[in-house]
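Student: got a predicted model here, sequence first, then my questions.
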Amino acid sequence: MRLNENILLLGKKVVLVPYTSEHVPRYHEWMKSEELQRLTASEPLTLEQEYSMQQSWREDADKCTFIVLDAEKWQAQPRTTEESCMAGDVNLFLTDPGDPSLGEIEVMIAEPSCRGKGFGTEAVLMMMSYGVSKLGLTKFEAKIGQGNEPSIRMFQKLHFEQVAVSSVFQEVTLRLTVTEHERQWLLEQTSHVQEKCYRDGLSVSC
């Protein structure tokens, strides 16, 4: 999505940056994992296919993707590469033409050393806040494999409620409607987040 190609979101634990070609090699290595393929219902791609996918996601109007960076690593060394700080990704899919206010959200903390630290929770909260404030979203859905209990529990803690179970796809669908009360709660949870301009892998003044 071109809307977020020059946006960096700085949180306490994570930094969200647009998915660029610099991130593809590390992402490709992650997706060789059979566990991640199973959890994300993904097929392994060649490196060339991964670069093509990154480019299409950048251009597609119905996908908003940020790479999740470890904020502590990213801030510790000004010259550190983003690739060395990568923790995962977070996505919004605006794929229901009948309801442009609905976004399907998914998060993956792929780096094993980054799991269990609250990275996924903060990334989802930041992405939801971005979706509400910048994309006009008022409803979110998350489709999660039935065996992915940690992810299901995380979304439930963020006020999502289970609305469907598919035995065919072996996945659970959770949904959150952003009422005014939920909107205020979401803004409170992300009041620390700073939005910065992003150019060529750098945070710059707008």
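Tutor: Right, received. Where do you want to start? All values derive from a computational prediction rather than experimental measurement.
Student: dump the residue contacts of the most centrally placed residue in the chain.
Tutor: When Cα atoms, centre = their mean is applied to the chain, the residue found nearest the centroid is V90 (0.9 Å). For V90, the residues meeting the contact criterion (Cβ atoms under 8 Å, 6 or more residues apart in numbering) are 16, 65-66, 68, 105-108, 123-124, 126-127. Heads up, the C-betas are built off the backbone N, CA and C, glycines and all.
Student: how much space between it and G103?
Tutor: For V90, the distance to G103 equals 11 Å [Cβ to Cβ, to the nearest Å].
Student: equivalent analysis for W185, please.
Tutor: Using Cβ to Cβ, W185 is found at 17 Å from G103.
Student: of those two, who's got more company?
Tutor: Between W185 and G103, G103 has the larger neighbour count (other Cβ atoms under 10 Å), namely 27 against 15.
Student: that one should be in a strand, yeah?
Tutor: Yes - assessed with DSSP: H, G, I helix; E, B strand; the rest coil, G103 lies in a strand.
Student: ranges for the strands of the protein?
Tutor: When secondary structure is read from DSSP state E, the chain shows strands at 7-10, 14-18, 63-70, 86-93, 102-109, 139-145, 161-166, 171-177, 194-199, 202-204.
Student: name every strand pairing with the first one and say which way it goes.
Tutor: It stands for strand 7-10. strand 14-18 (antiparallel), strand 194-199 (antiparallel) (DSSP bridges).
Student: any low-confidence regions in the protein?
Tutor: Low-confidence regions of the chain, defined here as pLDDT under 70, cover residues 39, 41, 77, 200-206.
Student: remind me, longest helix of it?
Tutor: Among the elements of the chain assigned as helix by DSSP state H, the one spanning the most residues is helix 119-135.
Student: could you pull out the buried residues of it?
Tutor: Neighbour counts using 16 or more other Cβ atoms under 10 Å place 119-132, 135 of helix 119-135 among the buried residues.
Student: out of those, who's nearest V193?
Tutor: The shortest gap between V193 and any of these belongs to M126, at 5.6 Å (Cβ to Cβ).
Student: and the closest one, how far from E180?
Tutor: Look at M126 and E180: by Cβ to Cβ, they are 20 Å apart.
Student: likewise for Q37?
Tutor: Using Cβ to Cβ, which is the criterion applied here, Q37 is 40 Å from E180.
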